[in-house]
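**Student:** Here's my sequence, what's the structure:
(one chain, ligands or ions: 2)
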Amino acid sequence: MVFKCMSSSKGCVAINKRNIVVALDVGTNRVKAAMAEIGYSRDINILGITGAPSRGLRKGNIVDIESTSRSIENCLNDLERLTGVEVSSALVGFSGGSVYAINNHAVVAVGNSNYEITQEDKERVLQSACNVALPPDKTIVQAVERQYIVDGYDGVKDPVGMVGSRLELEVALIVAATAAIQNMQRSTQRINLQINKIVYNPLLVAESVLLTTEKEMGVVLVDIGGGTIEISCFEAGSLLFTSVLPVGGEYITKDLAIVLRTSVEEAARIKEKHGVASPDMASHDVFIDVKNIQGKDSKKVSQQVVADIISARVAEIIEMIYTELKNFACQERIPGGIVLSGGEAELTGIARVMEDYMNIPVRIGIPENLRGIQLDYNKPQNAAILGGLIYAANYLNISSGKRRGFSGLFDKLAYWWKDLFR
Ligand SMILES: Nc1ncnc2c1ncn2[C@@H]1O[C@H](COP(=O)(O)OP(=O)(O)OP(=O)(O)O)[C@@H](O)[C@H]1O
Ligand SMILES: [Mg+2]
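**Tutor:** Residues are numbered from 1 along each chain as shown. Ligands and ions are numbered 1, 2, ... in the order given. Alright, predicted model coming up:
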């Protein structure tokens, strides 16, 4: 892959011909990837989007590195075939049950004698804000700068060049299990995929589905995937609270499979094609063919029965989300309401059921912040990868890496050897 020289927030990093960025979302249900070419004015031209079944994750956590690597490899091979561009590096979304956020605050005195705040002051206050005591098995994945305060004046997004003697920073620190991060790194290392940056998934989703005004006013982003639900509250333009619940659409699918005595794959198909979130949205006259576990004989089940099963689980999921909002104490401070993303946001009627239960406006977060995207791709389950492209276009330093692909035996041995002494 070749890149052209691009001025970024961190400066120009390489003289290349094309700016190609790849965003990767390693989900519990599907691995998804998107590639785009970034133009001179940071316009995003999408070259391709692919997805592959995910094997090796449970509830957002990697439990099998080999299978996860293969799933990523399958997804990226498809992306290479689709675009004709070799993939050697990617921006990677991160989530999982181990993630939580800590809000922290730091203060430094401005070093400069004429009190002009420099990049160095900014880095010092950021470093100080990241100085929190964590258990040895936890790591800060990302520090999200919420606001700088210069001599008591708050709401500053970038203090460099301003005049002041006291620089403060409010930061949200995204913390995760060290092992979870390392497992992600090892899964990508196995196929020689270089990680440009690891970003907390909801921050990527927010890039593609939230409006700037919603983030300013106060909004909750709820991403319901296959194995996790990420709940993130944004206010004054940045992340305020976030948490990850270890449940998702699989919870509904498995229940459907058990009650209908069918396979998980068939249950997922029925849910996605005929499922509705509330019994009053189903019809008694519509009958669905349901194959048995062996996938041979089939029986007819009314849509009403399917809806009864799905709605019971949907109600539980919504109740869990509402409890979390109450824990954040943010139901009263979100005039922007709730924005739903992730595959389960595509379940017919889920926004209405949620709205009725919580008495808060709910809308589906279609990734609309990218222009010219094909209708097929413009789905809530692609919100993280599409947001990843926006994030990469705005913030990322880009560099080319060596050829991706499963390492040979020698490489693998060297890799395990290094791991032993890490
Ligand atoms: N049209 C649809 N109706 C209902 N559910 C759907 C639909 N399309 C996809 N889903 C469900 O969405 C879920 C997958 O969503 P998504 O791709 O966002 O998850 P993931 O990113 O792989 O998982 P996670 O984020 O939890 O790690 C599955 O449970 C799938 O059945
Ligand atoms: Mg997901």
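**Student:** can I assume Glu168 sits in a strand?
**Tutor:** Yes - counting by DSSP: H, G, I helix; E, B strand; the rest coil, Glu168 is located in a strand.
**Student:** I'd say it and Val110 touch.
**Tutor:** No - using Cβ atoms under 8 Å, Glu168 is not in contact with Val110, being 10.9 Å away. For glycine as for every other residue, the C-beta is placed from the backbone atoms N, C-alpha and C.
**Student:** Let me know the pLDDT of Lys17.
**Tutor:** Listed pLDDT for Lys17 reads 62.
**Student:** Gln331: neighbour count?
**Tutor:** When neighbours are defined as other Cβ atoms under 10 Å, Gln331 has 15 of them.
**Student:** Let me see the contact set for the residue lying closest to Asn61 once chain neighbours are set aside.
**Tutor:** Nearest non-adjacent residue to Asn61, counting by Cβ to Cβ, 6 or more residues apart in numbering: Gly96, 4.6 Å away. Gly96 sits next to 59-62, 176-177, 180, 228, 244 when contact means Cβ atoms under 8 Å, 6 or more residues apart in numbering.
**Student:** what do you get for Val290?
**Tutor:** 260, 262, 266, 270, 298-301 are the contacts of Val290 under Cβ under 8 Å, 6+ apart.
**Student:** Give me the lowest-pLDDT entry from these.
**Tutor:** Among those, Ser298 has the weakest pLDDT, 90.
**Student:** which residues touch that one?
**Tutor:** With Cβ under 8 Å, 6+ apart, Ser298 has these contacts: 289-292.
**Student:** near ligand 2, from those residues?
**Tutor:** The subset of those within reach of ligand 2, counting by Cβ under 5 Å from the ion, is empty.
**Student:** Please spell out the ChimeraX selection for the buried subset of these.
**Tutor:** The buried residues among the contacts of Ser298 can be selected in ChimeraX (16 or more other Cβ atoms under 10 Å) with this line:
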select :290,291
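**Student:** Centre of the chain to the strand or helix carrying Ala393, how far?
**Tutor:** Assigned by DSSP states H and E, Ala393 belongs to helix 383-395. Taking Cα atoms, centre = their mean, to the nearest Å, the mean C-alpha location of helix 383-395 is offset from the chain mean by 10 Å.
**Student:** So is that helix next to ligand 1?
**Tutor:** No - counting by Cβ under 6 Å from any ligand atom, ligand 1 has no neighbours in helix 383-395; the shortest distance is 7.0 Å.
**Student:** So what sits opposite Glu145 in the bridge?
**Tutor:** Glu145 forms beta bridges with Val171, as assigned by DSSP bridges.
**Student:** wait, it sits on Leu126?
**Tutor:** Yes - if you go by Cβ under 8 Å, Glu145 and Leu126 touch, sitting 7.0 Å apart.
**Student:** can you list residues touching both of those two?
**Tutor:** What both Glu145 and Leu126 touch, as defined by Cβ under 8 Å, 6+ apart, is the set 169, 171.
**Student:** which residues sit in contact with Ala23?
**Tutor:** 33-34, 90-93, 204, 384-389, 391-392.
**Student:** Kindly report the same for Ile44.
**Tutor:** So Ile44 contacts 36-38, 370-371, 389-390, 393 (Cβ under 8 Å, 6+ apart).
**Student:** Which stretches in the protein count as helices?
**Tutor:** Using DSSP state H, the helices found in the chain span residues 65-83, 119-129, 178-189, 201-209, 212-217, 249-260, 264-274, 303-328, 350-358, 383-395, 409-420.
**Student:** Next, the angle helix 383-395 makes with the fourth one.
**Tutor:** Meaning helix 201-209. 80 degrees (axes from the mean of the first three to the mean of the last three Cα atoms, to 10 degrees).
**Student:** Any part of helix 201-209 near ligand 1?
**Tutor:** No - figure legend: helix 201-209 not in contact with ligand 1 (Cβ under 6 Å from any ligand atom); closest approach 7.0 Å.
**Student:** and that helix with ligand 2, contact?
**Tutor:** No - contact of helix 201-209 with ligand 2 (Cβ under 5 Å from the ion) is absent, the minimum separation being 6.1 Å.
**Student:** Quick one: neighbours of the one residue in the stretch 101-250 of the chain that gets nearest to ligand 2, just the number.
**Tutor:** Minimum separation of the stretch 101-250 of the chain from ligand 2 (Cβ to the ion) falls at Gly225, amounting to 3.4 Å. Gly225 has 29 neighbours, counted by other Cβ under 10 Å.
**Student:** residues contacting the nearest residue to it once chain neighbours are set aside?
**Tutor:** Excluding the flanking residues, the one nearest Gly225 by Cβ to Cβ, 6+ apart is Gly342, at 4.4 Å. Gly342 makes contact with 205, 222-225, 229-230, 248-249, 380-381, 383, according to Cβ under 8 Å, 6+ apart.
**Student:** Show me the beta-bridge partners of Ser298.
**Tutor:** With DSSP bridges as the rule, Ser298 is bridged to Lys291.
**Student:** For Leu260, see how far away it is.
**Tutor:** 11 Å (Cβ to Cβ, to the nearest Å).
**Student:** Check which residues of stretch 280-288 are buried.
**Tutor:** In stretch 280-288, the ones that count as buried by 16+ other Cβ under 10 Å are 281-282, 287-288.
**Student:** related to what we said a few turns ago, I'd like the helices of the chain laid out as CSV, including mean neighbour count and distance to Gly161.
**Tutor:** Listed next are these as CSV, based on neighbours: other Cβ atoms under 10 Å; distance: least, Cβ to Cβ, whole Å:
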stretch, mean neighbour count, distance to Gly161
helix 65-83, 19, 40
helix 119-129, 17, 9
helix 178-189, 20, 34
helix 201-209, 28, 26
helix 212-217, 15, 23
helix 249-260, 20, 47
helix 264-274, 18, 51
helix 303-328, 18, 35
helix 350-358, 18, 43
helix 383-395, 26, 19
helix 409-420, 10, 43
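**Student:** ok so, going back, of all pairs in the buried residues of stretch 280-288, which one is the farthest apart?
**Tutor:** Maximum pairwise distance among those (Cβ to Cβ): 16.2 Å, between Met281 and Phe287.
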